[in-house]
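Enquirer: Sequence and predicted structure below; questions after.
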Amino acid sequence: MKKNLLVSIIFSALLLSCSPTVQPSTMPTTQPALYPSLSIQEYFPLREGAYWIYKGIVRWTIVDSLEIAEKEIIWKMEVKRVFQRNDIYGYEMLGAPWDLAWYEDGKEPSDYGIIQAGGNFYQTSIEVVRRLMDESDYLGNLVGEYDIFLDVPLISGKKFCDLGSITRPENMFCWIVGDEIQVNVTDIKGVAFSDSILEYPIYYGTNPDHSIMHFIPGVGISGYEYHHHGTVSDVEVRLIEYHSGK
């Protein structure tokens, strides 16, 4: 018994001496999964009939004038139809908060499409979305890397854009997820969460302008800002009402 015990002690010591020492600075860091119970469809709930209503201020330069106009506005984003082929989803959409960039009186909500492949969401045309209905279409080149505007789940520091911009050191021409913040949602009609919940700002910058899209998992786009750095075009809207659809 004593011999076996001695062998065990020596063997354990050898294992410890051969194991690499991991310094704290080199240990991998992990971030716990947020909202682990949400599927992709629940994370950004684009159900048929769902809609989001935004309210805020738009400012723009009147054409052929130096005058700056300002208006309080209410704007709606709506899912008109949903299509699915295998694991690819397509959404016919009407209206978006980014319609309000370069606003002019009488501007109408845009018709556009969204393609969802896994956790990636791409903005495209309705004609592209309708390709999902054609069983003879193998859906090659359905979307391009420049079309991506959302990659979920959201984690602070996440970056998504085209491959040519993903390595830019100044983070231009890419969506960058900022630090999550606690926001009060009691004033958003139709949101059945507690008093506060996590919201993520997602930044996109170019030389002439920048945008900030705010997003609440389980609700969707909760706010939008656009600011042009030259000729005035400014948008600041927040979600005031949400309906989940079918």
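Expert: Now that the structure is in, tell me what you want to look at. Numbering: from 1, shown residues only.
Enquirer: Could you write out the alpha-carbon coordinates of the lengthiest strand in the chain in CSV?
Expert: Ranked by residue count under DSSP state E, the longest strand found in the chain is strand 68-85. Below are the C-alpha coordinates for strand 68-85, written out as CSV (Å, rounded to 0.1, in the frame of the first residue of the first chain):
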residue,chain,number,x,y,z
ILE,A,68,-33.6,74.2,-42.1
ALA,A,69,-37.0,72.6,-41.5
GLU,A,70,-37.8,70.6,-38.4
LYS,A,71,-40.8,68.3,-37.8
GLU,A,72,-42.1,66.0,-35.1
ILE,A,73,-43.0,62.8,-36.9
ILE,A,74,-44.6,59.4,-36.4
TRP,A,75,-43.3,56.6,-38.6
LYS,A,76,-44.3,52.9,-39.0
MET,A,77,-42.4,49.8,-39.9
GLU,A,78,-44.5,46.7,-40.8
VAL,A,79,-44.1,43.1,-41.9
LYS,A,80,-46.5,42.5,-44.8
ARG,A,81,-45.7,38.9,-45.7
VAL,A,82,-43.3,36.2,-44.6
PHE,A,83,-41.8,33.4,-46.8
GLN,A,84,-39.7,30.4,-45.8
ARG,A,85,-37.6,28.0,-47.9
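Enquirer: Heading C-terminal from the helix or strand of the chain with the lowest mean pLDDT, find the next helix or strand.
Expert: The weakest-scoring helix or strand in the chain, judged by mean pLDDT, DSSP states H and E, is helix 2-18 (a mean of 39). Using DSSP states H and E, the helix or strand that follows helix 2-18 in sequence is helix 40-43.
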